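1. Just the structure for this:
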Amino acid sequence: MQTCLEGYGNTYRAPALNRHGVAEYLCTHNLLKAHASAYHLFDKQYRPLYGGKIGMSLDSNWAEPKTDSPRDREAAELYLRTHLGWYAHPVYSAEGNYPLELIKLVDEKSRQQNYSRSRLPKFTPEEVAYIRGTADFFGLNHYTTYLLSMADGE
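-> Residues are numbered from 1 along each chain as shown. Okay, here's the model as predicted:
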């Protein structure tokens, strides 16, 4: 996550492209496909010889609802699905692919900004199947928890 968000979407890390809103989506898309390729190679050629496990250690803040209201619970869930889920859902969910909420949000925002297509690349059905399940464990780097409320008008 750090590589794509901070290196492609900003200038905090190499390669410091600073193409926020576009490059981090392309980076993540390719990162997930590369992860799946490495997993399948390891699983086929090296796991039988050496054993071992492959997973992902994702870096994400956490979100909890500020109150027990349904809207605040929805805000926290939406945050997790569109941040942590951006990377985790394609690999760890039963259906694969990006979270539907993320697809809808980026598609709509891309239309509003007059992009000819969504800034979030689409996986083919074959890519969804290839990426889904390509981890033996789930790792989470977590440093901060946000208490979220749904903004008025959202």
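2. Centroid-wise, who is the farthest residue in the protein?
-> residue 49 (31.4 Å; Cα atoms, centre = their mean).
3. and it, what helix or strand is that in?
-> Applying DSSP states H and E as the criterion places residue 49 in helix 47-50.
4. list the helices and strands the helix-or-strand element of the chain with minimal mean pLDDT packs on?
-> Least confident element among the helices and strands of the chain, by mean pLDDT, DSSP states H and E: helix 2 (a mean of 77). Applying 3 or more Cβ pairs under 8 Å, 6 or more residues apart in numbering; DSSP states H and E, we find helix 2 packed against no helix or strand. To be clear about C-beta, it is placed using only N, CA and C from the backbone, and glycine gets the same treatment.
5. what sits up against it?
-> By Cβ atoms under 8 Å, 6 or more residues apart in numbering, the residues outside helix 2 that reach it are 13, 59.
6. Residue 62 pairs with what?
-> According to DSSP bridges, the partner residues bridging residue 62 are residue 145.
7. That one: what's it in contact with?
-> The contact partners of residue 62, taken as Cβ under 8 Å, 6+ apart, are 80, 142, 144, 145, 146.
8. The third one: how many residues sit nearby?
-> This means residue 144. Residue 144: 8 surrounding residues under other Cβ atoms under 10 Å.
9. how far away is it from residue 89?
-> Going from residue 144 to residue 89 by Cβ to Cβ, to the nearest Å gives 21 Å.
10. what about the helices in this protein?
-> Along the chain, the segments classed as helices by DSSP state H run 2, 23-41, 47-50, 70-82, 84-92, 100-112, 125-131.
11. Now render those as CSV, adding distance to residue 118.
-> As requested, those are arranged in CSV below (distance: least, Cβ to Cβ, whole Å):
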stretch, distance to residue 118
helix 2, 24
helix 23-41, 9
helix 47-50, 36
helix 70-82, 14
helix 84-92, 14
helix 100-112, 4
helix 125-131, 16
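12. Figure out which of those is closest to residue 138.
-> Closest approach to residue 138 among those (Cβ to Cβ): helix 84-92, 6.1 Å.
13. who touches that closest one?
-> With contact meaning Cβ under 8 Å, 6+ apart, helix 84-92 is reached by 1, 28, 32, 35-36, 56, 58, 60, 81, 96-99, 101-102, 123, 128, 131-135, 138, 140.
14. and the closest residue to residue 82 other than its chain neighbours, how many neighbours does it have?
-> The shortest distance from residue 82 to any non-neighbouring residue, by Cβ to Cβ, 6 or more residues apart in numbering, is to residue 102 (4.7 Å). Neighbour count for residue 102, taken as other Cβ under 10 Å: 19.
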